[in-house]
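Peer 1: Give me a model of this one.
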Amino acid sequence: MQYPYQNLYENLSEKATKSPNATAIYEDKIKISYRELKQKVDAIAAFLQNSNVHFGDKVAMLVSNSSEFVISYLAITSLGAIAVPMNTFLKFDEIEYILTNSKSKILIASVGLDKELKNIDSVPLEKIIWIGQSPTVKKHKIQKDETGESVYLDSNLNLEKDVSFDEALTCLHLPEVTQQPGLEDLVHIIYTSGTTGKPKGAMIRYRNILSNLQATSDRFSVVPKDKFLVFLPMFHSFTLTAMILLPLYNTASIIVIKSVFPFSNVLKQALLKRATVFLGVPSIYTALGKAKIPWYFRWFNHIRIFVSGAAPLAQQTIDEFKIKFPRAHLIEGYGLSECSPIVSSNLFEKKKLLSVGLPLEGYEIKIVDEEMVELKIGEVGEIIVKGDCVMKGYLGINDETIVNGWLKTGDLGKVDEEGYIYIVDRKKDLIISKGINIYPREIEEIIYKLEAIEACAVIGIKDEFADEEVVAFVQLKEDQNIQEKELRVYLKKHLANYKIPKVIHFVDELPRNATGKVLKRVLKENLQKVIDSEK
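Peer 2: Okay, here's the model as predicted:
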């Protein structure tokens with residue numbers, strides 16, 4: 001497939017030249033034009049270059065929703081360096097692993113997240129760029145050029161490890177880029193938890209991202225007047241591609257919402273800034289369907305498309321949403337980080353209930369059995385994907401996730417006679433809670449570190465809105481004792497809050513098969529029976 005750009009910086013440069021005054025980002029009361037965005041990107045890129053960042057180096061980002069996230073990401077990639085966006089809900093142990101595994105040279109971090117970075121000196125970073133003001137951010141000596149007007153940072157200076165983002169923005173020299181990234185080069189690495197318990201870095205190339213941007217532009221009919229409301233975490237692969245890079249690819253606008261709470265502010269900003277594209281996860285749409293939405297929002301909002309991803313929508317949610325927002329399209333899609341991430345979506349003109357639609361242009365999907373033999377229409381098997389969206393592979397890992405160009409998703413599904421895809425279940429033990437992937441093995445390995453634990457199993461149980469809750473079953477060693485409160489305090493020290501089980505069951509013995517493997521299916525079935533009997 002042919003693409004109009006080789007990388008993201010080419011796209012930004014064209015937009016800044018052809019539409020310099022168009023608004024790229026709305027953030028609170030501030031507007032950033034495409035010309036201003038490029039200037040800020042160039043400044044941060046020059047600072048990174050002066051800080052010894054070269055083509056192919058990794059620069060990690062632990063950044064909350066903000067214009068600085070967008071600027072940082074584009075600056076890193078403009079140099080041919082590789083961005084490593086990190087989940088801002090992670091705890092230090094998890095952050096340390098990703099920084100070490102990716103061999104990130106520099107970290108860009110929001111000051112509000114510094115609580116989990118107290119021991120960051122244990123990671124061999126060359127520099128930390130802090131976004132926001134904090135007493136921990138050291139002031140760096142700024143030099144002026146011979147005219148006394150232009151402020152710049154000389155590459156020969158002995159730069160301190162901690163600097164502020166605002167200080168980095170004063171670097172007015174344009175970066176000297178001798179090697180432009182091409183389609184086969186890496187643009188970013190997205191860490192997604194693996195079945196081994198440790199996060200795996202999905203290596204995404206420019207070809208992958210550009211194919212996704214081109215295909216989704218066509219599928220969603222994106223135009224320059226569109227305004228994308230961004231309130232989901234920007235580090236998420238879905239948000240990054242569909243709500244940040246997609247609007248920039250089309251000279252559209254991003255409306256930055258720093259927090260989903262209070263949600264009334266999200267709706268207020270959507271109304272005031274005339275948002276046209278809204279991305280959410282099922283729990284958001286469930287809440288909107290049940291909430292008392294002000295009549296003036298329902299009548300005067302300009303949202304033409306609501307996009308849902310990360311997990312299937314419940315039929316009840318779809319029905320309630322149609323009543324509240326009859327003039328807008330609610331489009332359900334499917335994707336995964338390893339596919340950059342969007343694979344399929346429903347069409348405006350034809351949506352099928354409980355289906356995640358048709359593959360995007362240029363992508364193929366098949367339903368196969370364990371031997372990778374394609375199954376018949378309507379038969380359930382594993383979904384595999386082929387096309388320019390498929391990642392290069394996992395960083396430092398050689399496995400059989402990609403076979404002859406086909407990515408094994410681990411998701412179970414089926415297709416109908418028109419090619420519409422239906423997600424049935426997940427082959428792996430993956431739990432999706434509020435749109436975020438959670439792997440039980442990671443939680444189990446933390447629990448197993450406690451001396452009192454004989455065995456444990458973590459599963460996901462669906463609630464009435466088709467979202468999943470994390471549930472843990474714990475078997476103690478004989479003559480050992482640990483209280484639930486004590487266990488929760490321990491887990492909070494090592495896991496992000498969204499990974500901590502909502503319910504913990506202490507059992508005498510976990511069900512196992514003949515080889516000693518814990519039967520999670522039995523646990524799920526038994527617990528579901530109890531839940532159903534209590535309704």
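Peer 1: Helix or strand next in line after the lowest-mean-pLDDT helix or strand in the chain, which one?
Peer 2: When the helices and strands of the chain are scored by mean pLDDT, DSSP states H and E, strand 151-152 comes last with a mean of 36. Next along the chain after strand 151-152, taking DSSP states H and E as the criterion, comes strand 162-164.
Peer 1: Pull up the pairing partners for that next one, direction included.
Peer 2: strand 127-131 (parallel) (DSSP bridges).
Peer 1: Any buried residues in the helix or strand containing L288, and which?
Peer 2: Applying DSSP H and E as the criterion places L288 in helix 282-290. Neighbour counts over helix 282-290 (16 or more other CB atoms under 10 Å) mark 282-286, 288-289 as buried. Yep, even glycine has a C-beta here, placed from its N, CA and C like the rest.
Peer 1: do stretch 178-195 as well
Peer 2: Neighbour-count burial for stretch 178-195 [16+ other CB under 10 Å]: 181, 183, 185-194.
Peer 1: same thing with stretch 335-354?
Peer 2: By neighbour count on 16+ other CB under 10 Å, the buried set for stretch 335-354 is 335-346, 351-352.
Peer 1: Reformat the buried residues of stretch 178-195 into TSV and put pLDDT, distance to Y3 and secondary structure next to each item.
Peer 2: Formatted as TSV, the buried residues of stretch 178-195 follow (pLDDT from 0 to 100; distance: CB to CB, whole Å; DSSP: H, G, I helix; E, B strand; the rest coil):
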residue	pLDDT	distance to Y3	secondary structure
P181	97	13	coil
L183	98	7	coil
D185	98	13	coil
L186	98	16	strand
V187	98	13	strand
H188	98	17	strand
I189	98	21	strand
I190	97	20	strand
Y191	95	26	strand
T192	86	25	strand
S193	63	31	strand
G194	48	30	coil
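Peer 1: what's the closest of the residues you listed to I482?
Peer 2: Taking CB to CB as the measure, I482 lies nearest S193 of the buried residues of stretch 178-195, at 25.1 Å.
Peer 1: neighbours around the nearest residue to V260 once chain neighbours are set aside, how many?
Peer 2: Among residues not flanking V260 along the chain, F231 sits closest, at 5.0 Å (CB to CB, 6 or more residues apart in numbering). F231 has 24 neighbours, counted by other CB atoms under 10 Å.
Peer 1: Thought I257 was touching F231, still the case?
Peer 2: Yes: with contact defined as CB atoms under 8 Å, F231 counts as touching I257 (3.7 Å).
Peer 1: Next, show the common contact partners of the two.
Peer 2: Residues touching both F231 and I257 (CB atoms under 8 Å, 6 or more residues apart in numbering): 65, 266.
Peer 1: Tabulate the buried residues of stretch 178-195 in TSV, adding columns for distance to D416.
Peer 2: Formatted as TSV, the buried residues of stretch 178-195 follow (distance: CB to CB, whole Å):
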residue	distance to D416
P181	40
L183	34
D185	38
L186	36
V187	34
H188	34
I189	36
I190	31
Y191	34
T192	29
S193	31
G194	32
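Peer 1: buried sites along stretch 420-433?
Peer 2: Buried residues in stretch 420-433 (16+ other CB under 10 Å): 420-423, 426-433.
Peer 1: Identify all contacting residues around that stretch.
Peer 2: 195, 310-312, 334, 344, 346, 352, 354-359, 365, 380, 382-383, 410-416, 437-441, 458-460, 467-470, 498, 520.
Peer 1: Of the residues you listed, which belong to strands?
Peer 2: Cross-referencing those against strands under DSSP state E gives 334, 344, 358-359, 365, 382-383, 410-415, 437-438, 458-460, 468-470.
Peer 1: Which helix runs longest in this protein?
Peer 2: Scanning the chain for the helix with the most residues, using DSSP state H, yields helix 34-50.
Peer 1: Could you point out the helix or strand that follows that helix?
Peer 2: Past helix 34-50, the next helix or strand by DSSP H and E is strand 58-62.
Peer 1: and for that next one, what are the contacting residues?
Peer 2: 48, 53, 69, 72-73, 76, 81-86, 88, 90, 95, 98-99, 102-110, 113, 117, 189, 235.
Peer 1: Keep only those of those that are in helices.
Peer 2: Secondary structure from DSSP H places 48, 69, 72-73, 76, 95, 98-99, 102 of the contacts of strand 58-62 in helices.
Peer 1: show me where the stretch 401-535 of the chain has helices.
Peer 2: Counting by DSSP state H, counting those that start in this stretch, the stretch 401-535 of the chain has helices at residues 440-448, 484-494, 520-534.
Peer 1: Over to the stretch 251-400 of the chain?
Peer 2: Assigned helices in the stretch 251-400 of the chain, in chain order: 263-272, 282-290, 295-300, 315-324 (criterion: DSSP H, counting those that start in this stretch).
Peer 1: Tell me which of those helices lies nearest to T401.
Peer 2: Checked against CB to CB, the stretch from the helices of the stretch 251-400 of the chain lying closest is helix 282-290, at 25.9 Å.
Peer 1: who touches R35 in this structure?
Peer 2: Applying CB under 8 Å, 6+ apart, the residues near R35 are 16, 20-21.
Peer 1: Against V41, how distant is it?
Peer 2: The gap separating R35 from V41 is 11 Å, by CB to CB, to the nearest Å.
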